[in-house]
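1. structure for the following, please:
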Amino acid sequence: MTFTSLPLGSALAAGLALSFATACVQPTPTASPDLATPTETALALTGEGLFLVDTESGSTTLLPFGTEMATVQAAVSNLLGNPETVSANEECPGDPFISALWAEGLVLNADDETFVGWSVRPEAGSDQFTTLAGIGVGSSREDLEAAYTVTVFESTIGTEFAAGQLAGLLSDPTAAAEITDFWAGTVCIFR
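-> Numbering: from 1, shown residues only. All right, here's what the predicted structure looks like:
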């Protein structure tokens, strides 16, 4: 077992925000601060945490790693419903290391009640979780390499890739490969 912590860095380029409409979780109505007009909110993945995206204006709110897990989990639950499971993983280092899993394959990780990472597993509906560039589980290696500078390598868990602060697994090392697993931040991977 290896505990992998990916470093935090700069925000995604602002130009990527223009592609959010095709790259986010299905929008869910939420009340605006003045409650006069509802807005549509979507979720997008980033190497620094998660984005809440106002699909009407395109504005984003970053839920960065280091935020209180209760705040992040409540925001995601507002969009997706409650997680299927929330459990401590005693095999992973943490104080404690907690994972909240949604049926669609999204996992949020916390260490000592602090949001430290996310991952997306290959489950029905997991293709809805993407970056602002539209990259997620099911995306092709070609699309991944068109959106990011990517390093692909073989490891004990398969064909891995690293794209800045984003990482994951490809179905195989070929150009036609697809992303099968996707993550950022601190994750617990058994190698």
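
2. show me what the longest strand along the chain is packed against.
-> The residue-count maximum for a strand in the chain (DSSP state E) belongs to strand 179-189. The contact analysis (3 or more Cβ pairs under 8 Å, 6 or more residues apart in numbering; DSSP states H and E) places strand 179-189 against strand 2-5, strand 38-46, strand 106-111, strand 114-120, strand 166-170. For glycine as for every other residue, the C-beta is placed from the backbone atoms N, C-alpha and C.

3. switch to 7 Å and redo it
-> Under the contact criterion of 3 or more Cβ pairs under 7 Å, 6 or more residues apart in numbering; DSSP states H and E, strand 179-189 touches strand 2-5, strand 106-111, strand 114-120, strand 166-170.

4. mind listing the strands that strand pairs with, and their directions?
-> strand 2-5 (antiparallel), strand 114-120 (antiparallel), strand 166-170 (antiparallel) (DSSP bridges).

5. who touches the most centrally placed residue in the chain in this structure?
-> For the chain, the residue nearest the mean C-alpha position is L45 (3.9 Å; Cα atoms, centre = their mean). For L45, the contacting residues are 118, 129-131, 136, 184, by Cβ atoms under 7 Å, 6 or more residues apart in numbering.

6. hey, where'd the strands end up in the protein?
-> So, for the chain - with DSSP E - the strands run 2-5, 28-31, 38-46, 49-54, 60-64, 85-88, 97-101, 106-111, 114-120, 151-155, 158-163, 166-170, 179-189.

7. average pLDDT across the last one?
-> Confidence over strand 179-189, taken as the mean pLDDT, stands at 95.

8. could you do the fourth one as well?
-> Strand 49-54 carries an average pLDDT of 96.

9. which regions of the chain lie under the pLDDT threshold?
-> 1-39, 191 (pLDDT under 70).

10. identify each buried residue in stretch 74-83, please.
-> 75-76, 79-80, 83 (16 or more other Cβ atoms under 10 Å).

11. now, these that are in helices?
-> Judged by DSSP state H, helices contain the following of those: 75-76, 79-80.

12. what's the closest of these to S87?
-> V76 (16.2 Å; Cβ to Cβ).

13. one step back: could you dump the contacts of L45 into a markdown table and include neighbour count?
-> Below are these laid out as a markdown table (neighbours: other Cβ atoms under 10 Å):
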| residue | neighbour count |
| --- | --- |
| W118 | 27 |
| F129 | 26 |
| T130 | 26 |
| T131 | 26 |
| G136 | 24 |
| A184 | 25 |
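
14. give me the spatial nearest neighbour of V152, chain neighbours excluded.
-> Sequence neighbours aside, F161 is the residue nearest to V152 in space, at 4.9 Å (criterion: Cβ to Cβ, 6 or more residues apart in numbering).

15. so what pairs up with the one you found in the strands?
-> V152, G168.

16. what about it, how many neighbours?
-> 21 (other Cβ atoms under 10 Å).

17. grab the nearest non-local neighbour of T55.
-> Closest to T55 by Cβ to Cβ, 6+ apart is E40, at 4.1 Å.

18. how much space separates that neighbour from E56?
-> Between E40 and E56 the computed distance is 6 Å (Cβ to Cβ, to the nearest Å).
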